Structures are given as C-alpha cells and as structure tokens.
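Student: Using only what follows, build the 3D model:
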Amino acid sequence: MKAFFLKLLLLTLVLSGCSSTRKMLHDADLLEQSGLRNKAFENYQAIYTSNGDTRALIGMKRVAQGLLEEQFREAQMHCMRGNFEHALQVYESAFAYVEQHRELELKTPAGASDQYESCRTDYANHLYTLAEEAVLADRFDEGRAHLDKLRRFDRANKKAEYLALLCNIIPNYQLGRKAYEFGLFRDAYFHFLEVTRLDATYKDALLLRDECLTKSKISIAYLLIENPKVDHSIETSVGAMIKNAVLGLQDPFVQLLDRENIDQLIAEQMNGMSGLYDEKTVIQAGRLTGARFILTGELVSYEPMNAPQRGIERKAYLGSITSSKKVKYTEYRLGRGLDASFRYQIIDAETGRVYATAIIPFSHRDNVVWADFEGDHSMLYPGEWKWQLISSKEDVVFREKRQELMDQFNGRKGPISDQDIRGLMMNYHAAEVAIAVKKFRP
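Tutor: Model prediction:
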C-alpha cells in the first residue's frame with residue numbers, strides 16, 4: 001500500500017510539471033504571435049534551460065531566425081535610404097548575433113554578405129564625395145573629418161589618400177601664391193616646399209619653389225677686421241668657428257662664399273682696417289669675393305685673467321670629536337677667466353648700407369678651491385684649535401662643513417685651461433653671429 005501511494009505522488013508531480021511546461025510554452029507562443037519576439041525568446045530559453053524541452057529549443061531557433069532576418073531587412077532599408085553608418089552598425093550587429101547563438105545554427109539570409117559589402121562601398125563613395133566637395137570648396141577641416149571616417153574602414157583607398165594630401169597641398173599652394181604676390185619669397189618658398197614634398201607634380205609648385213629660392217637666396221662673405229691688440233691666430237680661429245656655424249645652419253637662403261685663400265685675396269684691400277673703417281674699402285673687398293653681402297667680424301677686446309695660485313694652511317681633526325688628533329692640511333685656490341667682446345656687421349656690398357650690427361660680450365670665470373693632505377683625507381673633519389698638542393676651550397669641530405671639505409679633496413684640482421675658456425668664447429660668439437645671419441632679412 002505504501003509503495004502505491006509513492007507511485008501516485010510521483011505521477012502527480014510529473015503531470016503537474018508537464019502542465020506547467022505546457023503553460024509556459026503556451027505563454028511564449030502567445031508572446032511570439034503578438035510580435036514580442038525578444039520576450040518570447042527569453043521565455044523559450046528559460047524553459048529549455050530548466051528542463052531541456054526540445055519544443056522550447058525549436059521555439060528559440062524559430063524566434064531567433066525571425067529576429068535575425070528582421071535585422072538584415074532593417075540594415076538593407078537604412079542603406080537604401082542613405083543612412084549608411086547606421087546600416088553598417090545593424091549589419092555588424094546581425095552578424096554578431098549569429099555568432100552569439102551559434103548553437104541554434106541560424107541561417108544568414110542569401111546575399112546578406114554581398115549586401116553588407118555593397119553598403120560599405122556605397123558609404124565609402126558617399127564619404128569620398130562629401131570630402132571632395134569640401135576640399136574643392138576650401139573647407140579643409142570638413143574634408144579631413146570625412147576622410148578620417150572613410151579611413152576607419154577603408155584604409156586602402158588610394159583616392160582618399162591623395163585627397164587627404166590635397167587638404168595640405170592646396171592651402172600651402174594658395175598661401176605660397178599669396179606670399180609670392182607680396183614679394184615674401186622666403187615664406188612662399190616654404191609653402192611651395194611643403195607642396196612639392198607631398199606632390200612634386202602639383203601645378204607649377206616645383207617651378208615656383210625654385211624661383212622663390214633664387215629670389216631670396218643671399219651670398220655672404222666673411223671678412224676679418226684685425227685688432228692689433230689680439231693674437232691673429234685667435235682672430236682667425238673665431239672666424240673659422242663663425243663660418244662653420246653659418247654653414248651648420250643649413251639654411252637654403254644663405255650661401256657662404258668661403259673661397260680658398262680668400263683672406264689673401266682681400267688682404268691688401270682690408271689692410272689697416274679696425275673698428276672704424278672706410279666703407280668704400282669694405283665694398284671693394286666684398287666685390288672681389290663676388291658676395292652680395294659682407295659679414296665683418298672683429299674681436300674688439302680680449303682680456304684673459306689668471307689669478308696666481310695660493311696655498312693656505314688649514315686646521316682639522318682626524319675624527320669627529322675634539323679629542324681626536326689635530327692635524328693641518330693645505331687649501332689651494334686658483335682662478336682663470338676671460339672677458340671678450342666681438343663686433344659683427346652685415347653690410348651691403350653694393351651700397352655700403354649696414355643692415356645689422358651688434359657687439360656680443362662674453363665673460364667667464366672658473367675659480368676652483370681644492371685641498372691636499374699627507375695622509376688619509378677621508379678621516380678629516382674641519383675645525384679650529386689653539387694648540388696642536390694641548391686641549392683648550394677654543395677647540396671645536398665643524399661637523400657641518402665636513403662634506404664641503406670632502407668635495408675639495410674629491411673635486412677638480414684646478415680650473416679649466418685658457419684654451420678651453422677660449423673655446424667657450426669662440427663657440428658662443430659663433431652661435432650668436434649664426435643666429436643673426438639666420439634672422440637677416442635684406
């Protein structure tokens with residue numbers, strides 16, 4: 001009897017479960033029939049997940065296939081209306097939906113992939129047309145924005161690449177033409193240079209670039225103005241540094257005439273010239289070089305300074321307390337320096353007009369303090385004491401100055417050489433003159 005009741009109870013539960021499943025399937029079917037496909041899919045999925053009912057799986061597949069086809073129809077409709085960006089998003093979402101529900105073995109509508117590629121092509125052509133219209137109307141920022149969108153999904157579009165170049169080519173060409181009309185040949189040159197860098201065949205940009213370079217190029221010769229108070233070798237070294245600095249500019253507008261033995265060529269013309277000289281003599285000397293402009297240079301003053309070396313006996317301790325052994329070490333001081341001033345002028349070789357002139361001052365000091373000790377200096381502490389062998393109240397250790405003392409032992413044992421200081425001066429003057437030449441606009 002007990003077994004009978006158990007079987008009856010189990011049968012009742014099974015029938016109850018079947019009834020519940022049938023009701024859930026019925027509810028899902030009603031949702032599907034009323035067009036609420038997403039909700040219907042969720043219900044079918046819940047049924048299949050809970051008991052694996054194949055009817056729920058069939059419902060899932062049927063609803064998912066319908067949703068998929070609806071997405072493709074929507075994408076095709078938007079593409080036909082010209083809503084390309086949204087259409088592509090829907091297409092991509094539909095393809096992702098297939099992958100997401102791979103277990104349902106959904107079927108992509110026939111021709112869907114071709115429709116997607118066709119929509120991409122139409123969108124690319126549309127963006128290119130918009131960009132081209134913008135560029136031709138000189139709306140370059142707008143053109144770049146359309147091309148940026150195009151390149152996101154069509155990086156191999158060669159027409160778009162060149163149109164992007166035109167966004168830089170056309171503005172530079174227009175600015176170059178405008179600068180050319182106003183006689184601003186240097187500015188025009190750089191605009192045409194950028195154009196030819198992007199497309200050497202664009203209109204007459206190459207011809208205009210070369211013409212602007214010819215019109216704006218200046219030829220300069222460097223002439224030394226001797227100062228009898230300064231060593232001639234120093235003057236010529238400064239001149240060589242200046243020539244190298246000007247050449248180092250690699251300025252396409254500056255042609256430095258650096259003929260061999262040019263100084264000998266003009267020596268007679270420049271003989272006896274100083275800070276104040278005859279302009280006619282300079283002009284004549286410049287014409288001998290064939291230069292349009294003359295860059296003159298003179299060391300107006302050159303005053304090296306060498307302080308005598310001094311040795312001062314200092315007191316210290318071989319330890320950090322006053323009871324440590326008292327010793328002495330030697331502190332040395334030596335300084336070198338240089339004061340020099342250089343004057344340059346940029347002169348028109350035809351008219352004698354002075355376009356630029358300046359005196360460039362230079363001042364450098366290198367004062368060094370170092371120390372020497374016959375023993376292990378790492379144990380030293382600077383201090384003061386009255387008697388070396390007897391303690392007194394005046395004995396003191398300057399612990400806070402120990403690092404300064406160690407720096408004197410471990411640092412340089414003298415200033416840089418006169419030659420090094422002179423090199424600093426030459427580099428400084430050469431750099432300043434080169435800057436002046438670069439800024440020169442006749």
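Student: average pLDDT across stretch 172-183?
Tutor: Stretch 172-183 shows a mean pLDDT of 96.
Student: What residues of that stretch count as buried?
Tutor: Neighbour counts over stretch 172-183 (16 or more other CB atoms under 10 Å) mark 172-173, 175-177, 179-180 as buried. For glycine as for every other residue, the C-beta is placed from the backbone atoms N, C-alpha and C.
Student: Remind me what the host helix or strand of Lys39 packs against, helices and strands.
Tutor: Using DSSP states H and E, Lys39 sits in helix 37-51. Contact here means 3 or more CB pairs under 8 Å, 6 or more residues apart in numbering; DSSP states H and E; on that basis helix 37-51 packs against helix 2-33, helix 54-80.
Student: What is the neighbour count of Lys413?
Tutor: Residues near Lys413, counting by other CB atoms under 10 Å, number 12.
Student: Where does it sit: helix, strand or coil?
Tutor: coil (DSSP: H, G, I helix; E, B strand; the rest coil).
Student: now Lys386
Tutor: The three-state label given to Lys386 by three-state DSSP is coil.
Student: close enough to count as contact, it and Glu394?
Tutor: Yes: Lys386 lies in contact with Glu394 (CB atoms under 8 Å); the separation is 4.3 Å.
Student: And the residue nearest the centre of this structure?
Tutor: Glu194 (18.7 Å; CA atoms, centre = their mean).
Student: State the distance from the nearest residue to that residue once chain neighbours are set aside to Lys215.
Tutor: Excluding the flanking residues, the one nearest Glu194 by CB to CB, 6 or more residues apart in numbering is Asn172, at 4.6 Å. Asn172 sits 18 Å away from Lys215, going by CB to CB, to the nearest Å.
Student: Ok, Ala40 next?
Tutor: Remark: distance between Ala40 and Lys215 (CB to CB) = 80 Å.
Student: Counting neighbours, go ahead and name the busier of those two.
Tutor: Legend: neighbour count by other CB under 10 Å for Ala40 and Lys215, higher for Ala40 (24 against 14).
Student: is it true that the more buried one touches Val63?
Tutor: Yes: counting by CB under 8 Å, Val63 is a contact partner of Ala40 at 5.3 Å.
Student: mind listing the strands for the stretch 201-350 of the chain?
Tutor: Assignment of strands within the stretch 201-350 of the chain using DSSP state E, counting those that start in this stretch yields the ranges 218-224, 254-257, 293-317, 326-348.
Student: quick one, which of the ones you listed is packed in tightest?
Tutor: Among the strands of the stretch 201-350 of the chain, strand 218-224 has the highest mean neighbour count (mean count of other CB atoms under 10 Å), at a mean of 21.
Student: got the angle between it and strand 326-348?
Tutor: Calculated by axes from the mean of the first three to the mean of the last three CA atoms, to 10 degrees, strand 218-224 forms an angle of 130 degrees with strand 326-348.
Student: What pairs with strand 218-224, parallel or antiparallel?
Tutor: Looking at strand 218-224 with DSSP bridges, its partner strands are strand 254-257 (parallel), strand 293-317 (parallel).
Student: any idea of the mean pLDDT in it?
Tutor: So the average pLDDT for strand 218-224 ends up being 89.
Student: Would you format the strands of the stretch 201-350 of the chain as a markdown table with distance to Val433 included?
Tutor: Shown next, in a markdown table, are the strands of the stretch 201-350 of the chain (distance: least, CB to CB, whole Å):
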| stretch | distance to Val433 |
| --- | --- |
| strand 218-224 | 9 |
| strand 254-257 | 12 |
| strand 293-317 | 7 |
| strand 326-348 | 5 |
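Student: Tell me which of those strands sits nearest to Asp231.
Tutor: Closest of the strands of the stretch 201-350 of the chain to Asp231 is strand 293-317, at 7.9 Å (criterion: CB to CB).
Student: what about that closest one, average pLDDT?
Tutor: For strand 293-317, the mean per-residue pLDDT is 94.
Student: Run the chain-centre distance for it.
Tutor: Averaged C-alpha coordinates place strand 293-317 at 40 Å from its chain's average position (CA atoms, centre = their mean, to the nearest Å).
Student: Equivalent analysis for stretch 409-428, please.
Tutor: 34 Å.
Student: outside of it, which residues touch it?
Tutor: Stretch 409-428 is contacted from outside by 234, 237-238, 241, 304, 306, 332, 334-338, 340, 360, 362, 364, 366-368, 370-373, 377, 380, using CB atoms under 8 Å, 6 or more residues apart in numbering.
Student: could you give me the average pLDDT of it?
Tutor: Summarised as a single mean, pLDDT over stretch 409-428 is 95.
Student: What of stretch 107-127?
Tutor: Stretch 107-127 carries an average pLDDT of 92.
Student: buried residues in that stretch?
Tutor: Using 16+ other CB under 10 Å as the test for burial, stretch 107-127 gives 112, 115-116, 119-120, 122-124, 127.
Student: ok, residues contacting it?
Tutor: If you take CB under 8 Å, 6+ apart as the criterion, stretch 107-127 is touched by 65, 68-69, 72, 75-76, 79, 82, 84-85, 87-88, 91, 94-95, 98, 146-147, 149-150, 153-154, 157, 160.
Student: please redo it, this time with the cut-off set to 6 Å
Tutor: 69, 72, 76, 79, 84, 87, 91, 146, 149-150, 154 (CB atoms under 6 Å, 6 or more residues apart in numbering).
Student: so where is the stretch 1-150 of the chain shaky, pLDDT-wise?
Tutor: Across the stretch 1-150 of the chain, the ranges flagged by pLDDT under 70 are 1-19.
Student: can you rerun that using 50?
Tutor: Counting by pLDDT under 50, the stretch 1-150 of the chain has low-confidence residues at 1, 4-17.
Student: In terms of residue numbering, what are the domains of the chain?
Tutor: As assigned by automatic domain parsing, the chain contains the domains 18-109, 135-216, 219-439.
Student: gap between the longest one and the chain center?
Tutor: In other words, domain 219-439. Relative to its chain's centre, domain 219-439 lies at 34 Å (CA atoms, centre = their mean).
Student: got it, and stretch 99-118?
Tutor: Taking CA atoms, centre = their mean, one finds stretch 99-118 lying 47 Å from the centre of the chain it belongs to.
Student: can you dump the C-alpha coordinates of that stretch into PDB?
Tutor: Written as PDB, here are the backbone C-alpha positions of stretch 99-118 (Å, rounded to 0.1, in the frame of the first residue of the first chain):
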ATOM      1  CA  GLU A  99      28.000  34.100 -33.700                       C
ATOM      2  CA  GLN A 100      26.400  34.700 -30.300                       C
ATOM      3  CA  HIS A 101      23.800  32.000 -30.900                       C
ATOM      4  CA  ARG A 102      25.900  29.500 -32.900                       C
ATOM      5  CA  GLU A 103      24.300  26.600 -31.100                       C
ATOM      6  CA  LEU A 104      21.000  27.500 -32.800                       C
ATOM      7  CA  GLU A 105      22.600  27.100 -36.300                       C
ATOM      8  CA  LEU A 106      20.900  30.200 -37.600                       C
ATOM      9  CA  LYS A 107      21.000  30.800 -41.300                       C
ATOM     10  CA  THR A 108      22.200  34.100 -42.700                       C
ATOM     11  CA  PRO A 109      19.800  35.300 -45.500                       C
ATOM     12  CA  ALA A 110      21.100  34.700 -49.000                       C
ATOM     13  CA  GLY A 111      23.200  37.600 -50.300                       C
ATOM     14  CA  ALA A 112      23.500  39.300 -46.900                       C
ATOM     15  CA  SER A 113      27.300  39.400 -47.000                       C
ATOM     16  CA  ASP A 114      27.200  40.900 -50.500                       C
ATOM     17  CA  GLN A 115      24.700  43.400 -49.400                       C
ATOM     18  CA  TYR A 116      26.900  44.400 -46.500                       C
ATOM     19  CA  GLU A 117      30.000  44.800 -48.700                       C
ATOM     20  CA  SER A 118      27.900  46.800 -51.200                       C
END
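Student: Cheers, nothing more for now.
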